[in-house]
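Q: quick check, what structure comes out for this input:
(one chain, ligands or ions: 1)
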Amino acid sequence: MVNPVSLVTLSDSRLILRCPGPELAPEITAACQDRELHRWLEALPDPYTEADGRAFVQMCQTKWADGSEFVFAITSAADGRLLGTIGLHDVERLTSPGGGMAEVGFWVVASERGQGIVPDALRLVCGYGFKELGLARIEWQAEVGNTSSLRAAEKVGFVLEATCRRRLLHVGHRVDGWLGGLLPEELR
Ligand SMILES: CC(C)(COP(=O)(O)OP(=O)(O)OC[C@H]1O[C@@H](n2cnc3c(N)ncnc32)[C@H](O)[C@@H]1OP(=O)(O)O)[C@@H](O)C(=O)NCCC(=O)NCCS
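A: Below is the predicted model:
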């Protein structure tokens, strides 16, 4: 049973963002065969099977329902095809008078990269996080060297704040990570 909050839809002229449904599981599974995703994403099942795609969709719906994570499928407004996913994870202290905090994560289907899809999706999701969820800060992290991710984050105003030694896990190893942050007044 999906909570009504999972019906949140964000859109602009090119993109529609919504909680992924089971109909997107095959496209998610196909996209997650890309080795570039396995290179940069922590804990992606490898090999990535159809069951993993279905489990991912189920997890997104469960976490929307309990308010612990807000993951959107990025889809094309023109034809509904999957372009990627983007989400607010590790959501904390939403009810604090000082505002909450969350971390953003994203990926784009290999054939769709370099078209500014994530920057546009970030504008929608960060706007939602600041205005609707009451976040005071959104964090971004990436393995050191993931310049594509850094560029996409910087385009909407994220500031690279630190290089954190052994901050992230990659296939069971600790690796150095970049940490960035975005405040509401910096979103552009
Ligand atoms: C990082 C990623 C999400 C960026 O999304 P995007 O929608 O392609 O973002 P942009 O179009 O703004 O491109 C960002 C940068 O990617 C690089 N880029 C451009 N075309 C590219 C392509 N075809 N393939 C890979 N990277 C490309 C460029 O450096 C670009 O910066 P520029 O516009 O200043 O030249 C995407 O490259 C991706 O899915 N990478 C693999 C997964 C990943 O690393 N996720 C983030 C984990 S922290």
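Q: any weak-confidence spans in this structure?
A: Residues of the chain meeting the criterion pLDDT under 70: 1-6.
Q: what about 50?
A: Counting by pLDDT under 50, the chain contains low-confidence residues at 1-2.
Q: show me which residues of it sit near the ligand.
A: Neighbours of the ligand within the chain, by CB under 6 Å from any ligand atom: 36-37, 40-41, 106-108, 113-119, 142, 146-149, 151-152, 155. C-betas here are computed from N, CA, C, even on glycine.
Q: name the residue of the protein that lies nearest to the ligand.
A: The chain approaches the ligand most closely through residue 114 (2.4 Å), counting by CB to the nearest ligand atom.
Q: host element of that residue?
A: Assigned by DSSP states H and E, residue 114 falls within no helix or strand.
Q: which ones among the residues of the chain next to the ligand map onto strands?
A: Counting by DSSP state E, the part of the residues of the chain next to the ligand found in strands is 106-108, 142.
Q: okay if I get these as CSV plus distance to residue 159?
A: Listed next are those as CSV, based on distance: CB to CB, whole Å:
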residue, distance to residue 159
106, 17
107, 22
108, 22
142, 14
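Q: let me see the ranges of the strands in the protein.
A: 9-11, 15-18, 70-76, 82-92, 100-108, 135-143, 159-170, 173-182.
Q: any idea which of those strands is most buried?
A: strand 70-76 (a mean of 23; mean count of other CB atoms under 10 Å).
Q: need the residues that contact that one.
A: 8, 10, 14-20, 24, 28, 60, 63-64, 81-89, 91, 102, 106, 108, 117-118, 121, 125, 128-129, 133 (CB atoms under 8 Å, 6 or more residues apart in numbering).
Q: please apply the same query to stretch 103-122.
A: Under the criterion CB under 8 Å, 6+ apart, residues 12, 14-15, 17, 27, 31, 34, 36-37, 40-41, 72, 74, 82-90, 125-126, 129, 138-141, 148-149, 152-153, 155-156 lie in contact with stretch 103-122.
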